[in-house]
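**Student:** Okay, here's the prediction I keep looking at, along with the sequence it came from:
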Amino acid sequence: MGNSIATAGYTFVVEESKEVSGEDLGLLQEKLLQLNWGVQHPASGPMRLKVWVDGDEVVKVDPDIGYVLRLLEKLVEYRTWINAIVNVERACFIDNFGTMTGYSIAAEKIAGVKVPKKADYIRTILCEGGRIVSHLIGLGSFVGVLGVHTPMQWALIAREKFLDAFEVYSGQRIATASIVPGGVRYEPTGKFIEKMVTAVDFLENEFIPRYGEVFIDNPTLKVRSVGVGKVSKERAIELGLAGPALRASGVSSDIRKDYPYAAYGELDFKVITKEEGDAYARYLVIWEELIESAKIIRQAIEGLPEGDYRTKFPVKVPAGEAYVNVEWARGCFGFHLISNGGTGPYRLKMRAPSFANLWAIPEMMKNVKLADVPVIFASLYMCHGDIDR
Amino acid sequence: MEAWLKALFFPGFVFLLIVFLMIFYFERKVLADAHLRTGPFYVGKWGLLQTTADIFKLFQKEFIIQRRANKLLYSLIPFVAFIMVVMLIAFIPFSEGSWVVSTSFDLLIILALVTGMPPVFFYAGWVSRSKYSFIGGLRVVNQMISGEIPLWLSALAAAVFFGTLNFMEIVKESSILSFLILLPAFLIFITATLIVTDRPPFDIPEAEQEIVYGFLTEFGGFNYAILALSKLVELFALYSVAVILFLGGFKGPVLPGILWFFIKLSFLYIFTFVVRASTPRIRMDQLLRFCWKVLTPLALLNLAFVILVKMFIS
């Protein structure tokens, strides 16, 4: 990647290596200033955006990634079929259930294993729990880049209840490693269900009214985000946007509805779409999906069948390959898994939604103000672990 | 009391230091309450000494000067800023007898000193020779100049109404009637104060997510503490002016004057903190539009209104 400004057809010349010194500052009006928005920056996370600004206007943005590359796809090749999930779930620690589910379904497809119905339901409950946890942080960090830290604090309180439920279920709060090929790892006890219901109750009765009153339809928030980073429906498809960012542009794409997996086919929920395609629409999509996910969890808990929660998964899986998409919190997550008949995966390719969203940034951040950079960045709802893998 | 004792202890330096530590503590507690957290808790009773501990931590930090920075100016600017804002406090009467200096031009001097702040903060950004600091410095100048005109106009409205610039006389003449007539001027003054002192939602020069910490980015330790404190003092001084001009200063029944002064002041502060906890930051171009197309015309209209009222009253 590097500095692609020379190859991108721009006519101006940027002296990247030149430092700003006091003598030059008087001439800055005629010059472009390169800001390193990232790596060591309060809002960027472990990645860098090279931002060229002309005064307050952003001229060009170039993302520079790779600071949290962990070679997860390669590490999977050294694992067995079951314990590869600990690498898969680390694609992004915020919602790890979606990735584990996708990998497990792909492995089951190759091995020809049929998962018990109860496992499907538990997977659905966990996936939606992970989605809620992720969306809560997404909401908090979107308003957080505008200098208000209240939503994040409120979201973290609601998130704690869900983490409590995960802890009861698997013993871990974040990296649970609880969904494996062949089902789920642990028996869903009554206490887990009880904790999950408590968490959903808290979300629906306390968090959603409190948050909705202050930070949805907030006039200042609208002033900042309506019309910012607009993407049309056609352009969103061309750019390959994923998840809430795609649905906010009016594309009704949701793997849970289009190609149902786990227990989603038997549950009643709707796909949230918005027509505007701007930062505020993306924020509202996350908000409404949060409400929808709580309903899915309630339905899945009501319809939880009796029976086994796990079947035997073979140590050696016959040669073959499978491609599985799951609707992860941040969008459509694809797993291309290949087996050569060994005790572990031969090759795993993860198609990450955040990586797809990242490449919309240079186009969306053209001719915006410097203050819009963090807003657009947060509204695309990316996870850095997922970008680098 | 001797004037120099006043300047040193009450209502001077020591008193103000304690007041600022308490305001800082108060801000953290109110914000924590809005966040549904506890806030400072362990250091001292109810965490009262937490802010003191924080300040001492800053004092013992290493004194770092950037290699590229202009060493003399870089070390000097925080003190210049601090001295400029501390001078503001000398003119504020906290109660009947507690003021350091009283002249016939109190209001004028305070506004003039506040107007002198943007160059200081711009230099703070400029001498750091860092991109973020420089942009922060430019933003400070941009924002303060657009905020100061409504500030001046609304303060002038009060001065026209009372017919004097001396704070003691203004407090003596204030009444419920003056509060009602000057209510629009009060609202404009508070908004302009938030703009001039970079408080949220107008904290554009320090927008953390855009330009790290604006002109404060390269300052650390003692220098940072002094600069940050001078911004707090500026806000305190302008709020005190608001209390004196529009809310009747230290006047009030039963309780002593100084308590009334701080009760009125704390209401303004709670307003600031609640705004900080709930209002996202706005953009520079939006702020400029707001200042020049809404706030300044309103302040002018308000001035005309007050002059009209004054004509009929006198």
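**Tutor:** Nice, I can see it.

**Student:** give me the low-pLDDT residue ranges for chain A?
**Tutor:** In the predicted model of chain A, residues A:1-31 satisfy pLDDT under 70.

**Student:** Which residues of it lie near chain B?
**Tutor:** A:19-22, A:25, A:28, A:33, A:35, A:41-43, A:53, A:56, A:143-150, A:153-154, A:157, A:214-215, A:218, A:220-221, A:223-224, A:369-374 (Cβ under 8 Å from any Cβ of the partner chain). Where you see a C-beta, it was placed from the backbone N, CA and C, and this is true even at glycine.

**Student:** Quick check: which element contains A:Leu348?
**Tutor:** A:Leu348 belongs to strand A:347-351 when assigned by DSSP states H and E.

**Student:** Give the closest residue to residue 196 in space, chain neighbours not counted.
**Tutor:** You didn't say which chain, so I picked chain A. In this structure, A:Met196 finds its nearest non-sequential neighbour in A:Ala165, 4.5 Å apart by Cβ to Cβ, 6 or more residues apart in numbering or on different chains.

**Student:** other chain: chain B
**Tutor:** Counting by Cβ to Cβ, 6+ apart, the residue nearest B:Val196 is B:Gly147, at 4.3 Å.

**Student:** The one you found in helix, strand or coil?
**Tutor:** When classified by DSSP: H, G, I helix; E, B strand; the rest coil, B:Gly147 comes out as helix.

**Student:** From A:Leu284, how far off is it?
**Tutor:** Separation of B:Gly147 from A:Leu284 (Cβ to Cβ, to the nearest Å): 32 Å.

**Student:** Check B:Ala155 too.
**Tutor:** B:Ala155 is 42 Å from A:Leu284, by Cβ to Cβ.

**Student:** Name the residue in those two with the higher neighbour count.
**Tutor:** Neighbours were counted for B:Ala155 and for A:Leu284 using other Cβ atoms under 10 Å in any protein chain shown; B:Ala155 has more, 26 against 19.

**Student:** My guess is that one contacts B:Leu111. True?
**Tutor:** Yes: the pair B:Ala155 / B:Leu111 is scored as a contact, 6.0 Å apart, by Cβ atoms under 8 Å.

**Student:** Let's see which of the residues of chain A next to chain B end up in strands.
**Tutor:** Residues of those located in strands (DSSP state E): A:Leu33, A:Leu35, A:Val53.

**Student:** Which residues are in contact with the last one?
**Tutor:** In other words, A:Val53. Contacts for A:Val53 (Cβ atoms under 8 Å, 6 or more residues apart in numbering or on different chains) come out as A:Leu32, A:Leu33, A:Gln34, A:Leu35, A:Val59, A:Leu370, B:Ile135.

**Student:** B:Leu247: what's its closest spatial neighbour, skipping adjacent residues?
**Tutor:** Once flanking residues are discounted, B:Leu247 sits nearest to B:Lys264: 4.8 Å by Cβ to Cβ, 6+ apart.

**Student:** what's near enough to touch that neighbour?
**Tutor:** With Cβ under 8 Å, 6+ apart, B:Lys264 has these contacts: B:Val243, B:Leu247, B:Gly248.

**Student:** Could you rerun that using 10 Å?
**Tutor:** Contacts for B:Lys264 (Cβ atoms under 10 Å, 6 or more residues apart in numbering or on different chains) come out as B:Tyr239, B:Ser240, B:Ala242, B:Val243, B:Ile244, B:Phe246, B:Leu247, B:Gly248, B:Gly249, B:Phe250, B:Lys251, B:Gly252.

**Student:** From those residues, list the buried ones, please.
**Tutor:** With burial judged by 16 or more other Cβ atoms under 10 Å in any protein chain shown, the buried subset of those is B:Tyr239, B:Ser240, B:Ala242, B:Val243, B:Ile244, B:Phe246, B:Leu247, B:Gly248, B:Gly249, B:Phe250, B:Lys251.

**Student:** before we move on, the earlier item: any common contacting residues for B:Ala155 and B:Leu111?
**Tutor:** Jointly contacting B:Ala155 and B:Leu111 under the rule Cβ under 10 Å, 6+ apart are B:Leu165, B:Leu238, B:Val241.

**Student:** one step back: with the buried ones among the contacts of B:Lys264 in mind, which one is nearest to chain A?
**Tutor:** Of all the buried ones among the contacts of B:Lys264, B:Tyr239 has the smallest distance to chain A: 20.7 Å, by Cβ to the nearest Cβ.

**Student:** Let me know whether my guess that the closest one is in a helix holds.
**Tutor:** Yes: using three-state DSSP, the assignment for B:Tyr239 is a helix.

**Student:** How much space separates it from A:Arg330?
**Tutor:** For B:Tyr239, the distance to A:Arg330 (Cβ to Cβ) stands at 44 Å.

**Student:** Per-residue pLDDT of the residue nearest to the spatial centre of chain B, please?
**Tutor:** Centroid check for chain B by Cα atoms, centre = their mean gives B:Leu235 as the closest residue, at 1.0 Å. Looking at B:Leu235, its pLDDT stands at 90.

**Student:** Contact partners for it?
**Tutor:** Applying Cβ under 10 Å, 6+ apart to B:Leu235 gives the contacts B:Ile23, B:Val85, B:Thr193, B:Leu194, B:Val196, B:Thr197, B:Asp198, B:Arg199, B:Leu268, B:Tyr269, B:Thr272.

**Student:** before we move on, which element is it in?
**Tutor:** Using DSSP H and E, B:Leu235 sits in helix B:221-246.

**Student:** what's the answer for B:Arg289, then?
**Tutor:** Secondary structure from DSSP H and E places B:Arg289 in helix B:284-289.

**Student:** Counting neighbours, which bits of that helix end up buried?
**Tutor:** Neighbour counts over helix B:284-289 (16+ other Cβ under 10 Å) mark B:Met284, B:Gln286, B:Leu287 as buried.

**Student:** Check the gap between the second one and B:Phe9 for me.
**Tutor:** From B:Gln286 across to B:Phe9, the span is 45 Å (Cβ to Cβ).

**Student:** and the strand or helix carrying B:Pro150 with helix B:221-246, angle?
**Tutor:** According to DSSP H and E, B:Pro150 maps onto helix B:131-162. Counting by axes from the mean of the first three to the mean of the last three Cα atoms, to 10 degrees, helix B:131-162 lies at 20 degrees to helix B:221-246.

**Student:** Quick one: mean pLDDT for helix B:131-162?
**Tutor:** pLDDT averaged over helix B:131-162 gives 88.

**Student:** Please apply the same query to stretch B:182-191.
**Tutor:** 91.

**Student:** which stretches of chain B aren't confidently modelled?
**Tutor:** Ranges of chain B meeting pLDDT under 70: B:1, B:314.

**Student:** tell me the strands in it, going along the chain?
**Tutor:** According to DSSP E, chain B contains no strands.

**Student:** Could you pull up the contacting residues of the residue in the stretch 151-300 of chain A that chain B sits nearest to?
**Tutor:** Proximity of the stretch 151-300 of chain A to chain B (Cβ to the nearest Cβ) peaks at A:Gln153, 3.7 Å away. Listed by Cβ under 10 Å, 6+ apart, the contact set of A:Gln153 reads A:Gly140, A:Gly144, B:Leu31, B:Ala32, B:Ala34, B:His35, B:Leu36, B:Arg37, B:Ala277.
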